[in-house]
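> Sequence plus the predicted model coming up.
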Amino acid sequence: MRGFINFIREQGVVGLAVGFILGGAVSKVVASLVTDIINPIIGVALGTAGGLDNAVLQVGSAQILWGSFVSVIIDFLIIALVVYYGVKVLRLDKMDKSKEE
């Protein structure tokens with residue numbers, strides 16, 4: 001049992017679990033931001049009724065859902081920016097270097 005507790009302390013398992021939970025929450029907030037605010041604004045700017053998710057390119061009988069793809073890319077970029085600046089603000093990038101020295 002002692003070895004397991006040391007493993008949890010040394011490997012930062014609790015911090016990792018907290019990171020996953022917060023990551024899921026941030027992902028939901030960003031998805032809502034993109035779906036509910038950014039996509040309708042871009043849809044209005046592009047003249048697409050119903051928002052960016054409904055933007056399609058009709059090629060014969062096939063529909064290319066380019067609006068949905070752009071929406072996912074915007075979602076990814078915002079999450080990447082939140083993670084990047086979160087690491088920088090909390091100085092988590094400096095913590096790993098102190099262990100190596």
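Alright, I've got the coordinates.

> quick one: the spatially most central residue of the chain from residue 30, how far?
Using C-alpha atoms, centre = their mean, the residue of the chain that lies closest to the mean C-alpha position is residue 79, 3.0 Å off. Counting by C-beta to C-beta, to the nearest Å, the gap from residue 79 to residue 30 is 5 Å. Backbone N, C-alpha and C define where each C-beta goes, glycine included.

> Buried residues in the longest helix seen in the chain, which are they?
For the chain, the longest helix by residue count, based on DSSP state H, is helix 66-90. For helix 66-90, the neighbour count (16 or more other C-beta atoms under 10 Å) marks 67, 70-71, 74-75, 78-79 as buried.

> what are the ranges of the helices in the chain?
Counting by DSSP H, the helices of the chain are 2-11, 13-33, 39-46, 66-90, 92-100.

> want to throw those helices into TSV with mean pLDDT and distance to residue 60?
Formatted as TSV, the helices of the chain follow (pLDDT from 0 to 100; distance: least, C-beta to C-beta, whole Å):
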stretch	mean pLDDT	distance to residue 60
helix 2-11	73	54
helix 13-33	82	32
helix 39-46	82	22
helix 66-90	84	16
helix 92-100	56	50
